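A.B. asks: Here is my input, please return the structure:
(one chain, ligands or ions: 3)
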Amino acid sequence: MALIVQKFGGTSVGDPERIAHVAERVIRTAQAGHQVAVVVSAMGGETDRLVELARAVGGDRPNPREYDVLLSTGEQKTIALLAMAIHRRGHAVQSFTGTQLNLRTDTAHTRARIESVDDTSLRTVLDSGAIAVIAGFQGVDTDGNITTLGRGGSDTTAIAIAAALDADECEIYTDVDGVFTTDPKLVENARKLDVISFEEMIEMASLGAKVLQIRAVRFAMRYGIPLHVRSSFHTGPGTRVVVQEEVMERLVVSGVTYNRNEAKIRVSGVRDQPGVVVRLFSPISEDGIVVDMIIQNFAHDGSTDVTFTVPRGDYDRAMELTRAAGDAVGARAVEGDVGIAKVSIVGLGMKDHAAVATRMFQVLAEEGVNIQMISTSEIKISVVIEEGFAERAVKALHLAFVEAGASAPVPED
Ligand code: ADP
Ligand code: ASP
Ligand code: MG
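C.D. replies: Ligands and ions are numbered 1, 2, ... in the order given. As a prediction, this is how the structure comes out:
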């Protein structure tokens, strides 16, 4: 007998028929002799609808506590419906909200971090042979306020539950067959990967492959939780996320990702002196805005330019703070651009190949794509380009690095 955590995303529970299908699937796992804890998302599109409602009533910055109270209702609906569907089929089941489970988080509304999970009531339910159905994406802080974990957060709930229960496996059921070499909804020839390392998956998730929330992957890696991403529409195998040593084939590029959720800010004509950059970035970081890429140009005549990217949702606030900071340090101008995209290639095999970056730039040049910013790490290369070119860039890079084969286009040094 194994203990299995199964997580079903929004599309997988998107209507009554799909909920019935999930109920049957979960019951089959239980009937095979396993203990099953199920984590569910809000029905497809529901969270977006709630976000719109919050804005319509609460303005651009709705009260964060009430925003979380509202958004958590999406998942609450799904647990009740799925539990009803399981009851109807004659199997014992109990649903849990984050509060009922005492899934403790910090107090950072809309992006709370999980601190602990009380597994007592869950274990009682599972030991009685019943299925536990848990609302993803939500928790409760020490004062009893409902919190949410950020978009895509049900993945993280699933991993937290798997860690707390020391589960044998965590299965993430979604609307595609697994983790692909790029977004299969964008590139027809995207290929499903049978396995991917945690390291590559973390990079892919952080660079835009929304199939798993990045925090969930980090969490699973830290606790050594076997992760299987698979389709909720059929029973075929999906993608296993495993430790690096278990990946037999080190692909030069295992994934191409894109992210349209960033914006660029440029501060020009700042003095090239110690302390200036700190004064530019402190207000932004104190406001909780995460800066991603940063480029500082070579100085000419004692002055330089600093360009950086921030999440698009934080752009207005970041511009406001940077304008004030720019004035304070005597910058010549502060300009912003929301029309950008970040396109990246990710692969463990890049460590052994020096020519990957050159090849990437060559492919983009041949497509007429201008590169605005570049950043690299051991297993990824990212470029910022004009948003309108994102799709073309992803397709060209996928063709060159994945479809054409891993080794052919990349001479070894
Ligand atoms: P769920 O609601 O099940 O959590 P999400 O919409 O959050 O599903 O994530 C699944 C989606 O992620 C897919 O429909 C796909 O379009 C997108 N996606 C982006 N990049 C990838 C990738 N590399 N592999 C698989 N899916 C990807
Ligand atoms: N319902 C939430 C969202 O849409 C959480 C999730 O689905 O993972 O972001
Ligand atoms: Mg998701």
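
A.B. asks: rest of the way, CA atoms for contacts and neighbours
C.D. replies: Noted.

A.B. asks: Please enumerate the helices of the stretch 151-300 of the chain.
C.D. replies: Secondary structure of the stretch 151-300 of the chain (DSSP state H, counting those that start in this stretch): helices at 154-165, 198-206, 214-223, 276-286.

A.B. asks: Quick check: the gap between the closest residue to ligand 1 within the stretch 1-150 of the chain and E403.
C.D. replies: Nearest residue of the stretch 1-150 of the chain to ligand 1, counting by C-alpha to the nearest ligand atom: G9, 3.3 Å away. Taking C-alpha to C-alpha, to the nearest Å as the measure, G9 falls 29 Å from E403.

A.B. asks: More neighbours: which of these two?
C.D. replies: Ranked by neighbour count (other C-alpha atoms under 10 Å), G9 and E403 place G9 first, with 23 against 15.

A.B. asks: Could you pull up phi and psi at that one?
C.D. replies: Backbone torsions of G9, given as degrees, to the nearest 10, read phi -80, psi 180.

A.B. asks: so it sits right up against E171, yeah?
C.D. replies: No - using C-alpha atoms under 8 Å as the test, G9 is too far from E171 to be in contact (11.1 Å).

A.B. asks: picking that back up, which residues touch the residue of the stretch 1-150 of the chain closest to ligand 1?
C.D. replies: V40, S41, A42, M43, G44, S154, I172, Y173, T174, D175 (C-alpha atoms under 8 Å, 6 or more residues apart in numbering).

A.B. asks: What score does it have for pLDDT?
C.D. replies: If you check G9, the pLDDT there is 98.

A.B. asks: Tell me the backbone dihedrals of the residue of the stretch 201-350 of the chain found nearest ligand 2, please.
C.D. replies: Scanning the stretch 201-350 of the chain for the residue nearest ligand 2 gives Q213, at 7.7 Å (criterion: C-alpha to the nearest ligand atom). With angles defined as degrees, to the nearest 10, Q213 sits at phi -70, psi 140.

A.B. asks: who's in contact with the residue nearest to it when sequence neighbours are not counted?
C.D. replies: Using C-alpha to C-alpha, 6 or more residues apart in numbering and skipping the chain neighbours, the partner closest in space to Q213 is G152 (5.5 Å). For G152, the contacting residues are F137, K210, L212, Q213, by C-alpha under 8 Å, 6+ apart.

A.B. asks: least confident pick among those?
C.D. replies: K210 (92).

A.B. asks: quick one: the nearest residue to it once chain neighbours are set aside from ligand 2, how far?
C.D. replies: Setting aside the residues directly before and after it, K210 is nearest to G152 in space (C-alpha to C-alpha, 6+ apart), at 7.7 Å. Taking C-alpha to the nearest ligand atom, to the nearest Å as the measure, G152 falls 3 Å from ligand 2.

A.B. asks: Need phi/psi at G152.
C.D. replies: phi 80, psi 10.

A.B. asks: filter the contacts of G152 by proximity to ligand 1?
C.D. replies: K210 (C-alpha under 6 Å from any ligand atom).

A.B. asks: in which helix or strand would I find the nearest residue to K264 once chain neighbours are set aside?
C.D. replies: Distance criterion C-alpha to C-alpha, 6+ apart; nearest residue to K264, sequence neighbours excluded, is T309 at 4.4 Å. In the assignment (DSSP states H and E), T309 maps to strand 303-311.
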